[in-house]
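Asker: Predicted model follows, preceded by the sequence.
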Amino acid sequence: MTETAENITETTTTEPLSTPMSIGVEAYISPEYAKAEGDKLWAKVWQQVARVEEIPKVGDFLTYEVVNDSIIVVRTAPDTIRAYHNVCAHRGRRLVDTPAGAHDARGQARQFICGFHGWRYDLEGNNTFVAEREDWTCGLTERNDGLNHVKVDTWGGWVWINMDPEAEPLRDYLEPAASLLEHFELEKMRYRWRKWLTFDCNWKVAFEAFMETYHVPYTHPEFTNFGSFLGWARQQGKHSNIGYDAPKGMEENQAKLRVGGGADARISTATLQNFTWENANTNTTRTLVDVANRLVDELPEGTPSAEVLRYWLETSRAEDQARGVDWPKVEPDVVAKAGTAWQIFPNFQIGHAVNNMLCYRFRPFGADPDKCVFEAAVFELFPEGQEPETEWEYTPVGDPGWRTVLPQDFDNMAAVQQGMKSRGFSGPKPNPYRERSVVNLHHGLAQYMGTGEPHDLV
């Protein structure tokens, strides 16, 4: 179906950041900027570090690293999670070492013991042993011999940390994303797979490769065989979200679970689902694929696209429910407003749907502006107790485990980082409608960094 200005449900003329703007390259390539991020940005923002179910038992812990900071996240009681700076109060040795090549360190502990001089800390962060403590003659107290706490909270099934003791509450920080996304019950989803790698580009270059749909027809031209994939991006406070334009009467087709385009939506939806499953292994489930493959047999030729979409989703919902998987019921207007993905400032993307999600996290690799840590994870609703066992798999560029779609994005990421350094490049000029999320990211960064505010394109 061809989409025109008359049948698009949203307008763009009055939305924030909708005028043409340009961004400087300092945030992408400057060593000084990269070093300053540690103090000005990462020490001040809420960051998603893990899923709650990754530390289910008392004493289960894992570590999270960003720039020069390492954080221990540990379950201290059945209903309590705490976080500490991963450093001994004595001489600064890390208490928990990340194994070479590992995504993080994790395990089970009743206490944390420094490998240098044996200082010990309980799960509450209290110092429980100092060899020859009497030598300090009352100099060591609870104020200086324990672990430094880090703010921690949970939302959406994730654990979040903030190193700023004065930080606003997590829920306040996440709005309006939290209120819209809570309808999707993300906390009930579990990993289907998760992969990570270090990549030769700045973390912002990596993030920006996934926060807009403007690139889809050109980076992933094979998807144009299944319909239009042009969409919108909106500022949502410090965050943003993206979705697809949809004709009137099909507002729910702004969501991730979309009907195929073309003359016969039954056929194109099945073809799209099969292609996505085989070439990306994201944004769909086996149930959705199987039901899509039956559409041509179960619906008459000429069935309108809107009816194909509703039949496909309703049938898939019913078949999942029969096997113990209950999708949340989300009203169409909420689906339309929520779009397909949220960019949670500064470095996390939630690509949500009612029964699955694709999430990305982007972190600097130390203070090197030309490298980052890139993580991708697919989640799904499973019958209770039947979720697969997964772990973070290091999957380098070129590994067939990435299938065929994500490597197309990887090609752009490395090339953009190189191009940013060209004397002939004056800075990014995002599409004012489809790439507003990119401008909003840098608008937010400038509030923390004190530099790099996007400016009018002249």
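Answerer: Thanks, I have the structure now.
Asker: Quick check on the spatially closest residue to V354 that is not a sequence neighbour: phi, psi?
Answerer: Using C-beta to C-beta, 6 or more residues apart in numbering and skipping the chain neighbours, the partner closest in space to V354 is W327 (4.6 Å). For every residue, glycine as well, the C-beta is placed using N, CA and C. W327 has phi and psi values of phi -70, psi 140 when expressed as degrees, to the nearest 10.
Asker: next one: V52
Answerer: phi -60, psi -40.
Asker: roughly how far apart are it and E307?
Answerer: According to C-beta to C-beta, to the nearest Å, V52 stands 39 Å off from E307.
Asker: Same check on Y394?
Answerer: Distance of Y394 to E307, computed by C-beta to C-beta: 45 Å.
Asker: what about these two, which has more around it?
Answerer: Shown here are Y394 and E307; by other C-beta atoms under 10 Å, E307 has more neighbours (15 against 12).
Asker: Which strand or helix spans the more buried one?
Answerer: helix 305-322 (DSSP states H and E).
Asker: Could you do N274 as well?
Answerer: Per DSSP H and E: helix 265-279 holds N274.
Asker: and Y433, how many neighbours?
Answerer: Residues lying near Y433 (other C-beta under 10 Å) number 20.
Asker: So it: helix, strand or coil?
Answerer: Judged by DSSP: H, G, I helix; E, B strand; the rest coil, the three-state class of Y433 is coil.
Asker: A233 is in contact with that one, correct?
Answerer: Yes - using C-beta atoms under 8 Å, Y433 is in contact with A233, at 7.2 Å.
Asker: elements contacting whichever helix or strand Y33 is part of?
Answerer: For Y33, the enclosing helix or strand under DSSP H and E is helix 31-37. Under the contact criterion of 3 or more C-beta pairs under 8 Å, 6 or more residues apart in numbering; DSSP states H and E, helix 31-37 touches strand 368-380, helix 436-449.
Asker: Quick one: distance of the helix or strand following it to the chain centre.
Answerer: With elements assigned by DSSP H and E, the helix or strand that comes after helix 31-37 is strand 47-51. How far strand 47-51 lies from its chain's middle: 10 Å, per C-alpha atoms, centre = their mean, to the nearest Å.
Asker: Heading C-terminal from strand 47-51, find the next helix or strand.
Answerer: Heading C-terminal from strand 47-51 (DSSP H and E), you reach strand 60-66.
Asker: next helix or strand past that following strand?
Answerer: Taking DSSP H and E, what comes next after strand 60-66 is strand 69-77.
Asker: now that next one against strand 47-51, angle please.
Answerer: With axes from the mean of the first three to the mean of the last three C-alpha atoms, to 10 degrees defining the directions, strand 69-77 sits at 50 degrees from strand 47-51.
Asker: From the contact counts, what lies against strand 69-77?
Answerer: Contact partners of strand 69-77 among helices and strands, from 3+ C-beta pairs under 8 Å, 6+ apart: strand 47-51, strand 60-66, strand 80-85, strand 158-162.
Asker: Turn those strands into JSON lines, including mean neighbour count.
Answerer: Below are those laid out as JSON lines (neighbours: other C-beta atoms under 10 Å):
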{"stretch": "strand 47-51", "mean neighbour count": "20"}
{"stretch": "strand 60-66", "mean neighbour count": "22"}
{"stretch": "strand 80-85", "mean neighbour count": "20"}
{"stretch": "strand 158-162", "mean neighbour count": "23"}
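Asker: V308: what's it in contact with?
Answerer: Taking C-beta atoms under 8 Å, 6 or more residues apart in numbering, we find V308 in contact with V259, A265, R266, T269, L295, L299.
Asker: Same question for W342.
Answerer: A177, L181, Q236, H239, S240, N241, Q349, I350, H352.
Asker: Grab the most central residue of the chain for me.
Answerer: Q349 (2.8 Å; C-alpha atoms, centre = their mean).
Asker: Check which helix or strand that residue maps to.
Answerer: Going by DSSP H and E, Q349 is part of strand 348-352.
Asker: Please identify the next secondary structure element, helix or strand, after that strand.
Answerer: Per DSSP H and E, the first helix or strand lying C-terminal to strand 348-352 is strand 356-365.
Asker: Report the strands that pair with that next one, each with its relative direction.
Answerer: Neighbouring strands of strand 356-365 in its sheet, by DSSP bridges, are strand 348-352 (antiparallel), strand 368-380 (antiparallel).
Asker: can you give me the strands in the stretch 101-250 of the chain?
Answerer: For the stretch 101-250 of the chain, the strands defined by DSSP state E, counting those that start in this stretch occupy 106-108, 111-113, 120-122, 127-129, 149-155, 158-162, 190-199, 231-236, 239-244.
Asker: Deepest-packed of those strands, please.
Answerer: With neighbours taken as mean count of other C-beta atoms under 10 Å, the strands of the stretch 101-250 of the chain reach their highest mean count in strand 239-244, at a mean of 25.
Asker: okay, the angle between that one and strand 231-236?
Answerer: 160 degrees.
Asker: ok, the residue lying closest to A377 once chain neighbours are set aside - contacts?
Answerer: Computed as C-beta to C-beta, 6+ apart, the closest residue to A377 that is not its neighbour in sequence is R194, at 3.9 Å. By C-beta under 8 Å, 6+ apart, the contact set of R194 is E375, A376, A377, V378, T390, E391, W392, E393.
Asker: I'd like to know which of the residues you listed is nearest to T154.
Answerer: Of all the contacts of R194, A377 has the smallest distance to T154: 17.0 Å, by C-beta to C-beta.
Asker: what number of residues lie near the closest one?
Answerer: Neighbourhood size, A377 [other C-beta under 10 Å]: 19.
Asker: before we move on, what about G118?
Answerer: G118 - counted by other C-beta under 10 Å - has 12 other residues nearby.
Asker: dump the residue contacts of it.
Answerer: F129, A131 are the contacts of G118 under C-beta under 8 Å, 6+ apart.
Asker: surely F207 meets Y360?
Answerer: Yes - with contacts defined as C-beta under 8 Å, F207 counts as touching Y360 at a distance of 7.4 Å.
Asker: Give me the common contacts of the two.
Answerer: Q349.
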